[in-house]
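In: what's the 3D shape of this:
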Amino acid sequence: MPTLRRAVPLRSTALLRVISPLLSILFIFVRWIPCLYILQIDLYIPVEGKVKIKVYNIAGREIKTVMEETKYPGHYKVDMDLNGMPSGVYFYRTEYVYEENNKTHSSIITKKAVLIK
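Out: Numbering: from 1, shown residues only. Predicted coordinates for the structure are as follows:
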């Protein structure tokens, strides 16, 4: 008899697209998994560059650095664990910096997340 897995409903999804002046595109797909307090971010990196994902509270103080590393072109999945954080309003900021044709380009996306426990 096959085992059944409980599907976790996704309450909100958002697809963001940022286009740089040289047509390099950063795709971010965000999923919220409510019962696990995880914000799952799918990134598509078109050109090698530095990726930083940080979480800030409503006062603008940095709470957590989720990722700060150089990534090569490809798809990446990042799980942002909000389990130990109290209920409240948070902002998560994704910054992508890369060099192309001896010029430095950056894409910054800031989104709001409301955590209710």
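In: what stretches of this structure score poorly on pLDDT?
Out: 1-30, 32, 34-35 (pLDDT under 70).
In: Can you say which helix or strand has the most centrally placed residue in the chain in it?
Out: Central residue of the chain (C-alpha atoms, centre = their mean): I41, 4.2 Å from the mean position. Assigned by DSSP states H and E, I41 belongs to strand 38-45.
In: Name the next helix or strand following that strand along the chain.
Out: Heading C-terminal from strand 38-45 (DSSP H and E), you reach strand 49-57.
In: Sheet partners, orientation included, of the strand holding I41?
Out: Sheet pairing here is set by DSSP bridges, and for strand 38-45 it gives strand 25-33 (antiparallel), strand 74-81 (antiparallel).
In: Flag every buried residue along that strand.
Out: Buried residues in strand 38-45, defined by neighbour count with 16 or more other C-beta atoms under 10 Å: 39-41, 43, 45. The way it works is simple: take the backbone N, C-alpha and C, and place the C-beta from them, glycine included.
In: repeat for stretch 110-117
Out: In stretch 110-117, counting by 16+ other C-beta under 10 Å, buried: 113, 115.
In: distance between it and the chain's centre?
Out: A distance of 12 Å separates the centroid of the chain from that of stretch 110-117, by C-alpha atoms, centre = their mean, to the nearest Å.
In: how about the CA coordinates for that stretch, as CSV?
Out: In CSV, the C-alpha atoms belonging to stretch 110-117 read as follows (Å, rounded to 0.1, in the frame of the first residue of the first chain):
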residue,chain,number,x,y,z
THR,A,110,12.8,44.4,-0.7
LYS,A,111,9.5,42.6,0.3
LYS,A,112,7.4,42.6,3.4
ALA,A,113,6.5,39.4,5.4
VAL,A,114,4.0,39.3,8.2
LEU,A,115,4.7,36.5,10.7
ILE,A,116,1.7,35.5,12.9
LYS,A,117,2.1,32.6,15.3
